[in-house]
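Chemist: My questions are about this predicted structure, shown below with the sequence.
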Amino acid sequence: MAGIFVPICGPVVGDTVYDENTLVARDVAITLPEVVPQTADVSAMGTMSLPIWQLLENMEASVTKIGQDLGLGRLLKANIKSLEVRWAQTVTDADGFTKNVGCKAFLRGTPTKIPGIGVEVASPSENEVTIMVTRYALYVDGEELFLIDRLAGIVRIMGKDYAQDLSSML
């Protein structure tokens, strides 16, 4: 195994959030959805839980918006929204060269609540906006890692759609 190298991903150096192509946040904390398949128990030398990739748990994302402004208002509008999250991270290659790599996440969903807004003198207000997600795609350096679209029945990971055969049977 000597000589095999995996590029070293470093820190995120900046991020932005766009709602319908309008910049609403910059350099904020973002949590992208966790994609969790439901499981079914089967007997195999005892009980074993197997993932069912055609049935998923809720997906939720969050953006921690600093302050109250029109960007926060756009994020809170109670309608289906298309968000684009962009960030740059450093990557070091086998020769020790470091470059910035662009990453993008595309989300479709709707806000789940209006956060409680805390106000304290000499402190920035942090407001966590949560989005219930129905579509989630992640691209790193221009390549799609995955696309999850609950309403279209797509669970594509590295080019393979794990839900496609189900659609052809129904």
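Modeler: Noted; the coordinates are in hand. Quick caveat: nothing in here was measured; it's all calculated off a predicted structure.
Chemist: Now do the contacts for the residue most central in space within the chain.
Modeler: Nearest residue to the geometric centre of the chain (C-alpha atoms, centre = their mean): residue 32, 3.0 Å. With contact set as C-beta atoms under 8 Å, 6 or more residues apart in numbering, residue 32 has these partners: 61, 85, 105, 107, 136, 138. Where you see a C-beta, it was placed from the backbone N, CA and C, and this is true even at glycine.
Chemist: mind running it again at 10 Å?
Modeler: Residue 32 is in contact with 59, 60, 61, 62, 85, 105, 107, 133, 136, 138, counting by C-beta atoms under 10 Å, 6 or more residues apart in numbering.
Chemist: quick one: it from residue 101, how far?
Modeler: 16 Å (C-beta to C-beta, to the nearest Å).
Chemist: Do you have the helices of this structure handy? List them.
Modeler: 70-76, 164-169 (DSSP state H).
Chemist: Return the most buried member of those helices.
Modeler: helix 70-76 (a mean of 17; mean count of other C-beta atoms under 10 Å).
Chemist: and it, what's its mean pLDDT?
Modeler: The average pLDDT within helix 70-76 is 94.
Chemist: now for that helix, which elements pack on it?
Modeler: strand 8-19, strand 22-26, strand 59-66, strand 81-92, strand 126-140 (3 or more C-beta pairs under 10 Å, 6 or more residues apart in numbering; DSSP states H and E).
Chemist: Might you calculate how far that helix sits from the centre of the chain?
Modeler: Mean-position distance between helix 70-76 and its chain equals 19 Å (C-alpha atoms, centre = their mean, to the nearest Å).
Chemist: rewinding a little: now for the helices of the chain, which one comes closest to residue 13?
Modeler: Closest to residue 13 of the helices of the chain, according to C-beta to C-beta: helix 70-76, at 20.8 Å.
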